[in-house]
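[1] Take this sequence and fold it.
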Amino acid sequence: MAFRTLDGVDARGKRVLVRADLNVPMHDGVITDDTRLQRVAPTIRELADKGARVVVFSHFDRPKGQVVPALSLRPIALKLGQILGQPVGFVAECVGPTVEAAVGAMADGDIIVLENTRFHAGEEANDPQFAKALAQNGDIFVNDAFSAAHRAHASTEGVARDLPSFAGRLMQAELSALSAALENPERPVGAIIGGSKISTKLDLIGNVIEKVDTLFITGAMANTFLAAEGMNVGKSLQEADMHETARKIAHLAQEKGCEIILPVDAVVAREFKANVPTETCLIGEVPDDAMILDAGPRTVELIRERLDTLKTLVWNGPLGAFEIAPFDRATVEVAQYAAQLTDEGKLKTIAGGGDTVSALRHAGVVDKMTYVSTAGGAFLEWLEGKILPGIEVLRSAGHDLGLE
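    Just a heads-up that it's a prediction; the model follows:
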């Protein structure tokens, strides 16, 4: 890596700015999923244990540069303290004299959370003056928010230009997992790419084809590829205007030596509702009045057989409409088999994306995969081969400061 981690950092007595992702889901003021807090806790705890004065800051939701009391980080700071098992202070600002006074009063090992950075328009504009105002309350900067690394904002990119910068433990884990997935994978490597539309994942597919040996195209996206091959997909969701694009993708994959695997059978129904009557049919035999809502058992078996031949698997997107039973079956069965291979040490599994995390959680295997990223947009943009500003600045800042 071209940037430093926390290994060997002498943090005692230093003001350490930690960019976390505290943007957790909430309903009626109650946190409904604290996964992101759990994942950033080790970095915060390690720094506090080293005697640092830990100043945590983050965005939350989209207040668009305005102070919106309902979007305060105060309740999240309280929950973070419960997770850490120690008091966590809260400051109702993220820059200015109030913050300076609060940071100045900290003792070694103290932790405070600053208010939502997006209450200031300078955050999303990556305003250099706002970045400097954030940076003046720290001696070093630790970015532990990979999930916000695709945004060139003041708290993710700007601050790193003003302070010695390090990757936190969560950031380190994400980058190590992603490197193991596509940059330096153990081969053969495969990818499961699902979703509803090719049009939203063109860049992702184009980049993945260059790097994997086997590409499983699943979900409604597969319907477009099947229809482009002349298969009747009935009333299934598909993109008729993307048929030529699908054929070009298939041709490119052949040129690159990447085998594309599409469903060979499907579970179909006349309507998309829970527990409706279904039937299983071969691809090409889908009734005109039915729609494909899940991969069939032969497809599941085909994928399982191919997983047996792989060393690395990247997963983004479910195999069917997993939110509604019984159309979750293929996703659950493949997920559980991939988890079994992972547990046996035969397969490295790296997954990410909102629907994917939900699907793996539904299958009960989130904690059984090699790594599951909660990053969402950043994970997808990395899969697409795009430059992530929050990562690049760590590299360049590290180089400029002699931190390689």
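
[2] From here on, just use CA atoms for contacts and neighbour counts.
    Will do.

[3] Could you pull out the helices in this structure for me?
    Counting by DSSP state H, one finds helices in the chain at the ranges 35-49, 74-84, 97-104, 121-124, 128-135, 169-178, 202-209, 219-228, 243-256, 297-307, 329-343, 354-362, 377-383, 389-400.

[4] what sits against the closest residue in space to residue 31 that isn't next to it in sequence?
    In space, and not counting its chain neighbours, residue 31 is closest to residue 25: 5.9 Å by Cα to Cα, 6 or more residues apart in numbering. Going by Cα atoms under 8 Å, 6 or more residues apart in numbering, residue 25 touches 31, 32, 33, 34.

[5] I'd like to know which of these are buried.
    residue 34 (16 or more other Cα atoms under 10 Å).

[6] From the contacts of residue 25, which land in strands?
    residue 31 (DSSP state E).

[7] Point out the least confident member of the contacts of residue 25, please.
    Within the contacts of residue 25, residue 33 has the lowest pLDDT, namely 88.

[8] Next, work out how far apart that residue and residue 172 are.
    Relative to residue 172, residue 33 is positioned 22 Å away (Cα to Cα, to the nearest Å).

[9] Likewise for residue 333?
    Distance of residue 333 to residue 172, computed by Cα to Cα: 31 Å.

[10] out of these two, which sits in the busier spot?
    residue 172 (20 against 16; other Cα atoms under 10 Å).

[11] So what's the predicted local confidence for that one?
    Taking residue 172 on its own, its pLDDT is 91.

[12] what sits against it?
    Residue 172 neighbours (Cα under 8 Å, 6+ apart): residue 5.

[13] thinking again about what came up before, between the contacts of residue 25, which is closest to residue 162?
    residue 34 (30.7 Å; Cα to Cα).

[14] Is that closest one in contact with residue 21, as I believe?
    No: here residue 34 lies out of contact with residue 21, judged by Cα atoms under 8 Å, at a distance of 11.0 Å.

[15] Name whatever forms a beta bridge with residue 316.
    Under the criterion DSSP bridges, residue 316 forms beta bridges with residue 193.

[16] residue contacts, it?
    By Cα under 8 Å, 6+ apart, the contact list for residue 316 reads 191, 192, 193, 194, 351, 352, 353, 356.

[17] Mind putting these into CSV with neighbour count and distance to residue 69?
    Shown next, in CSV, are the contacts of residue 316 (neighbours: other Cα atoms under 10 Å; distance: Cα to Cα, whole Å):
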residue, neighbour count, distance to residue 69
191, 28, 42
192, 20, 41
193, 23, 39
194, 23, 38
351, 25, 35
352, 24, 31
353, 20, 29
356, 25, 32
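
[18] got a list of contacts for stretch 119-137?
    Residues contacting stretch 119-137 (Cα under 8 Å, 6+ apart): 15, 17, 63-68, 94-96, 99-100, 103, 117-118, 141, 152-155, 157-159, 162-163.

[19] could you redo the last one with a cut-off of 6 Å?
    65, 66, 67, 95, 153, 154, 158, 159 (Cα atoms under 6 Å, 6 or more residues apart in numbering).

[20] The first one and residue 125, how far apart?
    Same thing as residue 65. Residue 65 is 10 Å from residue 125, by Cα to Cα.

[21] Distance-wise, check the closest residue to residue 253 other than its chain neighbours relative to residue 314.
    Residue nearest to residue 253 in three dimensions, not counting chain neighbours: residue 209, with 5.9 Å by Cα to Cα, 6+ apart. Residue 209 sits 12 Å away from residue 314, going by Cα to Cα.

[22] Residue 77 and residue 112: what is the separation?
    Where residue 112 is concerned, residue 77 sits at a distance of 8 Å (Cα to Cα).

[23] just residue 290 next, same as before
    Noted for residue 290: a distance of 56 Å to residue 112, by Cα to Cα.

[24] Give me the nearest residue to residue 262, chain neighbours excluded.
    residue 217 is the one closest to residue 262 (Cα to Cα, 6+ apart), at 5.6 Å.

[25] Can you get me a residue count around the one you found?
    Residue 217 has 24 neighbouring residues, counting by other Cα under 10 Å.

[26] Make sure it is actually in contact with residue 193.
    Yes: with contacts counted by Cα atoms under 6 Å, residue 217 reaches residue 193, the gap being 5.2 Å.

[27] will you turn the contacts of residue 316 into a markdown table that also has distance to residue 266?
    Below are the contacts of residue 316 laid out as a markdown table (distance: Cα to Cα, whole Å):
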| residue | distance to residue 266 |
| --- | --- |
| 191 | 20 |
| 192 | 17 |
| 193 | 17 |
| 194 | 15 |
| 351 | 24 |
| 352 | 25 |
| 353 | 24 |
| 356 | 20 |
